[in-house]
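> Give me coordinates for this.
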Amino acid sequence: MSEFSGKRALVTGGGKGIGLAVAQRLAAAGADVSILGRDAAALVASGFAHEVVDVTDADALTAAIRRLGDFDILVNNAGAAFSASFQRHSLNDWNQMLAVNLTACFVACQAALPGMIARKAGRIVSVASTAGLKGYAYTAAYCAAKHGLIGLTRSLAIETARSGVTVNAVCPGFTDTGLVDRAVGVIVEKTGQSADDARAALARSNPQNRLTTPAEVAEAVWFLCRDSSAGFTGQSLAVAGGEVM
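From the prediction side, this is the model:
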């Protein structure tokens, strides 16, 4: 019997990048996986059961989760980044970063948690960032949202500690996804560097001098979702080659 046989998992932002890698890893372990996202074509191409939804629409997100049913595993992966000096952050930029990176996780947890508590078993893993564990220049709203996500993880872990539910976060460094591709584009536009030089500069933040891979993040999520990982809760597991210790 597969490790996660009989378990249902939901991954937000599951159509590409880290989310798709997580969905594939959980499915390989035997879970029945559903995904949410905005890119309908990517969701269809993934082959997983899915709902097209903008996670910043709280009512739509809650309704989508309820339509898909109860889940044993929730992976809050949907996210976005914004880069600008603090003085160039607008209030709208700030609100958008919190909406997608923090509030959506709050909404998804509220929708999925009652069923987990009723069954006295469940795993919640949120994909945060090393930006939730340290500061980065020019990403004030993003860092604030990811720090908030770490705080939510720790608080919820304490509340659910005796319920059979664990709540953890994984914190990737710069990861080889479309998000980094967009960051490279911004660096090229603002500095005139080549794309290769910009990508190399991001890789240097990792002591291993490379970008993290989506598969590595997926392995960390899989580990935290295992039955044998019941003692891990409230943790923020960095997947960044030693950038944060």
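> what residues are up against the closest residue to T153 other than its chain neighbours?
Once flanking residues are discounted, T153 sits nearest to A169: 4.6 Å by Cβ to Cβ, 6 or more residues apart in numbering. For glycine as for every other residue, the C-beta is placed from the backbone atoms N, C-alpha and C. Contact partners of A169, counting by Cβ atoms under 8 Å, 6 or more residues apart in numbering, are V125, S126, V127, A128, G132, L149, I150, T153, Q235, S236, L237.
> Let me know the helix or strand that A169 is in.
For A169, the host element (DSSP states H and E) is strand 165-172.
> can you pick the most crowded of the contacts of A169?
V127 (31 neighbours; other Cβ atoms under 10 Å).
> And the strands in the chain?
8-12, 32-37, 49-52, 73-76, 122-127, 165-172, 236-239 (DSSP state E).
> what is the rounded mean pLDDT of the first one?
What it means is strand 8-12. For strand 8-12, the mean pLDDT works out to 98.
> Run me through the strand neighbours of that strand, direction for each.
strand 32-37 (parallel), strand 73-76 (parallel) (DSSP bridges).
> What is the helix or strand of the chain with the lowest mean pLDDT packed up against?
Every helix and strand of the chain was ranked by mean pLDDT, DSSP states H and E. The lowest is helix 178-191, at a mean of 83. Where contact means 3 or more Cβ pairs under 8 Å, 6 or more residues apart in numbering; DSSP states H and E, helix 178-191 is packed against helix 195-203.
> what's the offset of the helix it packs on from the middle of its chain?
23 Å (Cα atoms, centre = their mean, to the nearest Å).
> on that earlier part again, would CSV of the strands paired with strand 8-12 with mean pLDDT, distance to S163 and mean neighbour count be doable?
Listed next are the strands paired with strand 8-12 as CSV, based on pLDDT from 0 to 100; distance: least, Cβ to Cβ, whole Å; neighbours: other Cβ atoms under 10 Å:
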stretch, mean pLDDT, distance to S163, mean neighbour count
strand 32-37, 98, 22, 25
strand 73-76, 98, 14, 28
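> quick one: which of the ones you listed is nearest N209?
strand 73-76 (28.4 Å; Cβ to Cβ).
> for S129, what are its contacts?
G79, Y142, K146, C171, P172, G173.
> Make sure the second one is actually in contact with G132.
In other words, Y142. No: between Y142 and G132 there is no contact under Cβ atoms under 8 Å: 9.4 Å.
> rewinding a little: and the strands of the chain: which comes nearest A111?
Comparing those by Cβ to Cβ, strand 73-76 comes nearest, at 8.7 Å.
> which residues are contacting the closest one?
In contact with strand 73-76 (Cβ under 8 Å, 6+ apart) are residues 4, 7-12, 14, 19, 22, 26, 31, 104-105, 108-109, 112, 116, 122-127, 149, 221, 225.
> again with stretch 145-160
By Cβ under 8 Å, 6+ apart, stretch 145-160 touches 76, 97-98, 100-102, 105-106, 109, 113, 117, 124, 126, 128-129, 131-133, 166-169, 171, 233-236.
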